[in-house]
Structure formats: C-alpha cells, structure tokens
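K.L.:
can't give you the sequence, but here's the structure:
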C-alpha cells in the first residue's frame, strides 16, 4: 500500500535516441557517398574535356587544310 501523495513503484521506461546511436554509422556512409560522387563528377568532366580535345584535333575544315 502507498501513502497519499506518493506514486506506486512501477517500471520506468527510459527513452533512448535511435538517431544518436545511428550517427556513427551514417556519417561515414555519407562521407563515402560524397567522395564517390566527387570522383565520378571529376572523371566525367575530364572525359568531356578529353573528347573535345580529340574532336578539335580531328576536326579540320577545308580552309584549315589549304593554308600552310
């Protein structure tokens, strides 16, 4: 029996923050994705520049070939 003004003893559930537990796994994953996207973007840019350079090298008009 409990006295007046006191709460009965029961199980108390303490909340835990799942996000705080997930941060150590999410942060490295986000960093890896960022690095992969950066490398892919850089590679595509370099490939485009290389393709344009090759096209300019092989793109000769008749005026260019007539002039020595």
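P.N.:
Noted; the coordinates are in hand. Bear in mind the structure is a predicted one, so any value in this text is a computation, not a measurement.
K.L.:
what's the pLDDT at residue 43?
P.N.:
Note for residue 43: predicted pLDDT of 96.
K.L.:
what do you get for the one 5 residues further on?
P.N.:
According to the prediction, residue 48 has pLDDT 94.
K.L.:
neighbours around it, how many?
P.N.:
10 (other C-beta atoms under 10 Å). The C-beta positions use only the backbone N, C-alpha and C, and glycine is treated the same way.
K.L.:
Repeat that for residue 59.
P.N.:
Neighbour count of residue 59, defined by other C-beta under 10 Å: 9.
K.L.:
now it: how far from residue 47?
P.N.:
As for residue 59, its distance to residue 47 is 18 Å (criterion: C-beta to C-beta, to the nearest Å).
K.L.:
same check, this time on residue 19
P.N.:
Distance, residue 19 to residue 47, by C-beta to C-beta: 39 Å.
K.L.:
Show me what the helix or strand encompassing residue 52 packs onto, helices and strands only.
P.N.:
In the assignment (DSSP states H and E), residue 52 maps to helix 18-58. Packing partners of helix 18-58 (3 or more C-beta pairs under 8 Å, 6 or more residues apart in numbering; DSSP states H and E): none among the helices and strands.
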